[in-house]
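S.K.: here is my input, please return the structure:
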Amino acid sequence: MPFVPLWIFFGDCLPGVEFPAETQALQVQPAIDLEKRRMHLEFTAEQWILPETVGQLCRNVAEATDCKVTHDLRFAPACFGPQAFGWLLQKLREAVAVVNGFLHTTEIAYDAPLLCLTTSETGKRALADVDAARWIQKFVRAHFDLQVDVQIGVKSEDTGIRDTEPSPVPDTWASDTPPLQAIVPPPPKDTSALPFSLENSQKIMGAAIRESPTPMEGLESSDASAVVVGEVFGLKEVRTKDGTKRIITF
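M.R.: All right, here's what the predicted structure looks like:
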């Protein structure tokens, strides 16, 4: 079945199902398996709409039809902008949980074709370890039909100063202007408590380890990530339905 306006599909196939007014401009291509009670809906949108709204629509369809409903949502390239950045970061958190704690303060700027993310130094390393730039490129291409270049940078230190107007630039600098101070990088974190050498070890999966382990009793639920060391006495690995991710339980 080709893409059709949502209201036509609902009027012809699903009369009586309620759907949010914001979704009326969507185009939908349904694939229905009545025998297995499954339905997959491909949505396209020419204007930005909250993905949560489309998700609620699909839950309404599932409840009304007693079917398992899945969906994909794609936007026109012009929809990619600040309103879409929150969704991008949300999906990145879901795909790569290890970077979740670093994304709350991450800022995004887009000047086609360059997409710039600025975060902390630690956040930049974490994003680089999981190849977040490549994931973002694939996500934007799949959902917005856009090819973007991704650059991940580090935020400058916040001095707390907020100028209401730009400072004037003098025509000439006085000869006694003090020289700029070099930025000294912070010392490397102590890893002496690790039971192995970082230089002679090989990463098997996940992000690289760069700090000493934390005792289990010292962990807090609010910690974004932590390093712990111990003997693995149980391991369970489950692949997601689409086969692209693994859920590992120790």
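S.K.: neighbouring contacts of stretch 130-138?
M.R.: Applying C-beta atoms under 8 Å, 6 or more residues apart in numbering, the external contacts of stretch 130-138 come out as 88, 92, 95-96, 98-99, 115, 117, 127, 147-152, 206-207. Using the backbone N, CA and C atoms, a C-beta is placed for each residue, glycine as well.
S.K.: spell out for me which residue occupies the centre of this structure.
M.R.: The residue at the geometric middle of the chain, judged as the C-alpha nearest the mean C-alpha position with C-alpha atoms, centre = their mean, is residue 92 (1.9 Å).
S.K.: that residue: which element?
M.R.: Assigned by DSSP states H and E, residue 92 belongs to helix 82-95.
S.K.: rewinding a little: contacting residues around the residue nearest to the centre of the chain?
M.R.: Counting by C-beta under 8 Å, 6+ apart, residue 92 has contacts 99, 103, 132, 135, 136, 139.
S.K.: so which of the residues you listed comes closest to residue 233?
M.R.: Closest approach between the contacts of residue 92 and residue 233, by C-beta to C-beta: residue 99, at 27.8 Å.
S.K.: where does the closest one land in three-state SS?
M.R.: Following DSSP: H, G, I helix; E, B strand; the rest coil, the label given to residue 99 is helix.
S.K.: just say helix, strand or coil for the spatially closest residue to it that is not a sequence neighbour.
M.R.: Spatial nearest neighbour of residue 99, excluding adjacent residues (C-beta to C-beta, 6 or more residues apart in numbering): residue 126 at 5.0 Å. Here residue 126 is recorded as helix under three-state DSSP.
S.K.: per-residue pLDDT, residue 126?
M.R.: Residue 126 is assigned 86 on the pLDDT scale.
S.K.: following the chain onward from the helix or strand of the chain with the lowest mean pLDDT, which element is next?
M.R.: Every helix and strand of the chain was ranked by mean pLDDT, DSSP states H and E. The lowest is helix 6-13, at a mean of 66. Moving toward the C-terminus from helix 6-13, the first helix or strand encountered (DSSP H and E) is strand 27-33.
S.K.: quick one: residues in contact with that following strand.
M.R.: Strand 27-33 is contacted from outside by 1-6, 9, 13, 38-45, 67, using C-beta under 8 Å, 6+ apart.
S.K.: 7 Å instead, please
M.R.: Contacting residues not belonging to strand 27-33 are listed as 1-6, 9, 39-44 [C-beta atoms under 7 Å, 6 or more residues apart in numbering].
S.K.: may I see the PyMOL selection of the buried members of those residues?
M.R.: What follows is the PyMOL syntax selecting those of the contacts of strand 27-33 that are buried according to 16 or more other C-beta atoms under 10 Å:
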select buried, resi 6+9+39+40+41+42+43
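S.K.: need the contacts of strand 27-33 in TSV (columns: distance to residue 219 and secondary structure).
M.R.: Rendered in TSV, the data for the contacts of strand 27-33 read as follows (distance: C-beta to C-beta, whole Å; DSSP: H, G, I helix; E, B strand; the rest coil):
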residue	distance to residue 219	secondary structure
1	51	coil
2	53	coil
3	49	coil
4	52	strand
5	52	strand
6	47	helix
9	49	helix
39	42	strand
40	40	strand
41	41	strand
42	43	strand
43	41	strand
44	44	strand
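S.K.: ok, so of the contacts of strand 27-33, who is nearest residue 201?
M.R.: When the contacts of strand 27-33 are compared for distance to residue 201 (C-beta to C-beta), residue 40 wins out at 43.8 Å.
S.K.: bridging residues for that closest one?
M.R.: Under DSSP bridges, the beta-bridge partners of residue 40 are residue 31, residue 70.
S.K.: confidence score at it?
M.R.: According to the prediction, residue 40 has pLDDT 91.
S.K.: where's it relative to residue 24, distance?
M.R.: Using C-beta to C-beta, to the nearest Å, one gets 21 Å for the distance from residue 40 to residue 24.
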